[in-house]
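1. here are the coordinates; sequence isn't available:
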Ligand code: VG1
Ligand code: CO
């Protein structure tokens, strides 16, 4: 066996962000850049020798090249077996499931999620631990520490593995098993939802459209919706994973999922539409001329969970990320369930799920999931909605509006300012932070500040602490605004402003959120001086 130990020099910029290490493709193509990070992952772990690793990605440019490198490095570092998706394809939730099902030591996911792909686009790499979930901060910190002092990496000299041929191949002493990317995931979905009932509803005339945005969910969605549930051919569109996602931005929101939005807001719109992101962990849910805010979606899934076989016996609790609206809290209260508020990023839900303190989790950024895996799961959310639609036989809009009447409506919106100069963004945050101590009790417009702070999280399971997870300004009537900088971008900074206001009066629940939140939007600009300091006169994306 020909194992090389290659001398290398550390890079100073390999600190994982909200969800792994994301950089532009040319950065990953720098000599030793990928190898350094992969070796740093392995160096940070203990006891993986002879164990199983799951490996796959969203099919974006550089996926196959990176997989070949990682396989040879895994072989040289003593892994026993690698399960890799056929063609290198595995969605993020599918990886999470495979890790759990196979008792794997961990997994590596190659994706920059919703960021554009292609030779000039983004690439990313993320490590998941044995529970199937994203590595928690103590692990990512250890990986980063290794990346700062790395001096060499190990790689096997060998020919490429045939990623398209199912079955076992040998790479040095390590076994590579190329597996069907979809089969286990689709079996898991069948075990959770009432496929018969959904099939009947589709046969009975429920019209659905699924936009895979030329990203990883194409093969999953085609198998599940068209083959297993019998939806008409063509239900899934943009269904072929492409290395550059067809030039699009595989982010399922009202701006980037324009094909789906046009369809659902056009003449002869179907009853239900959904889109997923690059790596398949996000979802956007639409009804006929109707948009479901992700925060509401979480609350509605929770309120209707008993209609779904997997959750028939009730939930143990609900968790949401801090910037996500409190709509889910109201459901938790009504069902007498514990409700947790975590920092942004799925890695913070892992402990709560493992300890069975929560069953459902969600983020405002189009992410919803449950204890079935340890990642958010786009198609799972779509099936959950379809299961509810099949049982309730109402439209999406009716279900949401009825929910608001019962629990009240949390008007919600997120404003993103993408591509802000990094210096300007940090100035904005610093200035805002310095004002926090004096804000409480002040009147801003018609609102009185009840608290103003930097969100700090203490994990109730292992006691670990995460500081500075977003600046919050809360008002006496329960409204609030949150400011944070994105941790998934690769160029400049993205400022995110999250706005929320509760409306209990059923006669006032039909407003456009931008109108309902207009006062708060103006106050946010005033307190944080967004226009002046960013140089943007409006957000680049509003959801
Ligand atoms: C964003 C979202 C966050 C999500 C993360 C990863 O992070 O806000 O809620 O967990 O992306 O999602 P940030 O730091 O840019 O705000 V994914 O689908 O890119 O894995
Ligand atoms: Co994603």
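-> Yep, that arrived. These figures come from a predicted structure and were not determined experimentally. Residues are numbered from 1 along each chain as shown. Ligands and ions are numbered 1, 2, ... in the order given.
2. count the neighbours of residue 427 for me.
-> Using other C-beta atoms under 10 Å, residue 427 has 14 neighbouring residues. (C-beta placed from N, C-alpha, C; glycine too.)
3. contacting residues for it?
-> residue 533 (C-beta atoms under 8 Å, 6 or more residues apart in numbering).
4. start the count at 11, not 1, going forward
-> Happy to do that; since the first residue is 11 now, the last one works out to residue 437.
5. how about the helix or strand hosting it: buried residues?
-> Residue 437 belongs to helix 432-449 when assigned by DSSP states H and E. Buried positions in helix 432-449, judged by neighbour count with 16 or more other C-beta atoms under 10 Å: 434-435, 438-439, 442, 446, 449.
6. which ones among these also lie next to ligand 2?
-> Contacts with ligand 2 within those, counted by C-beta under 5 Å from the ion: none were found.
7. now those in TSV, with pLDDT?
-> TSV is the format used below for the buried residues of helix 432-449 (pLDDT from 0 to 100):
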residue	pLDDT
434	94
435	95
438	96
439	96
442	96
446	94
449	94
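8. closest to residue 52 among those?
-> residue 435 (33.9 Å; C-beta to C-beta).
9. residue 332 versus that closest one, what's the distance?
-> To residue 332, residue 435 is 19 Å away according to C-beta to C-beta, to the nearest Å.
10. quick one on the thing from earlier: can you add distance to residue 138 and give the buried residues of helix 432-449 back as CSV?
-> Below are those laid out as CSV (distance: C-beta to C-beta, whole Å):
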residue, distance to residue 138
434, 34
435, 29
438, 33
439, 30
442, 34
446, 35
449, 39
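11. give me the number of residues near the residue of the chain found nearest ligand 2?
-> Closest contact between the chain and ligand 2, by C-beta to the ion, is at residue 123 (3.2 Å). Other residues near residue 123 come to 27 when the count uses other C-beta under 10 Å.
12. tell me who's in contact with it.
-> With C-beta under 8 Å, 6+ apart, residue 123 has these contacts: 29, 68, 102, 134, 260, 287-289, 291-292, 498.
13. one step back: elements contacting the helix or strand following the helix holding residue 437?
-> Per DSSP H and E, the first helix or strand lying C-terminal to helix 432-449 is strand 453-454. Packed against strand 453-454 by the contact rule (3 or more C-beta pairs under 8 Å, 6 or more residues apart in numbering; DSSP states H and E) you find helix 528-538.
14. quick check: buried residues in the helix it packs on?
-> The neighbour-count check on helix 528-538 (16+ other C-beta under 10 Å) flags 529-531, 533-534, 537-538 as buried.
15. can I get those residues in TSV with pLDDT?
-> Output for these, formatted as TSV (pLDDT from 0 to 100):
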residue	pLDDT
529	96
530	97
531	97
533	96
534	96
537	95
538	95
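16. can you pull the residues of the stretch 161-310 of the chain lying near ligand 1?
-> Contact residues, the stretch 161-310 of the chain versus ligand 1 (C-beta under 6 Å from any ligand atom): 287, 291-292.
17. cutoff 5 Å now
-> The stretch 161-310 of the chain comes close to ligand 1 at residues 291-292, as judged by C-beta under 5 Å from any ligand atom.
18. all strands for the stretch 161-310 of the chain, in order.
-> Remark: strands assigned in the stretch 161-310 of the chain by DSSP state E, counting those that start in this stretch are 162-166, 177-181, 184-189, 218-221, 246-247, 282-286, 293-297, 300-302.
19. now do the shortest one: distance to the chain's middle.
-> With C-alpha atoms, centre = their mean, to the nearest Å as the basis, strand 246-247 stands 21 Å off its chain's centre.
20. circling back to that earlier point, could you dump the strands of the stretch 161-310 of the chain to a markdown table with mean pLDDT?
-> Shown next, in a markdown table, are the strands of the stretch 161-310 of the chain (pLDDT from 0 to 100):
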| stretch | mean pLDDT |
| --- | --- |
| strand 162-166 | 98 |
| strand 177-181 | 97 |
| strand 184-189 | 98 |
| strand 218-221 | 98 |
| strand 246-247 | 96 |
| strand 282-286 | 97 |
| strand 293-297 | 98 |
| strand 300-302 | 97 |
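21. and residue 407, how far is that from residue 264?
-> For residue 407, the distance to residue 264 - C-beta to C-beta - is 16 Å.
22. do stretch 64-73 and ligand 2 meet?
-> No. Stretch 64-73 does not reach ligand 2 (C-beta under 5 Å from the ion); its nearest approach is 8.2 Å.
23. list the contacts for the nearest residue to residue 304 once chain neighbours are set aside?
-> Excluding its sequence neighbours, the residue lying closest to residue 304 (C-beta to C-beta, 6 or more residues apart in numbering) is residue 376, at 4.8 Å. Residues in contact with residue 376 (C-beta under 8 Å, 6+ apart) are 262-263, 287, 292-294, 304, 553.
24. and this structure, which residues reach ligand 2?
-> Going by C-beta under 5 Å from the ion, the residues of the chain near ligand 2 are 123, 287, 289, 291-292.
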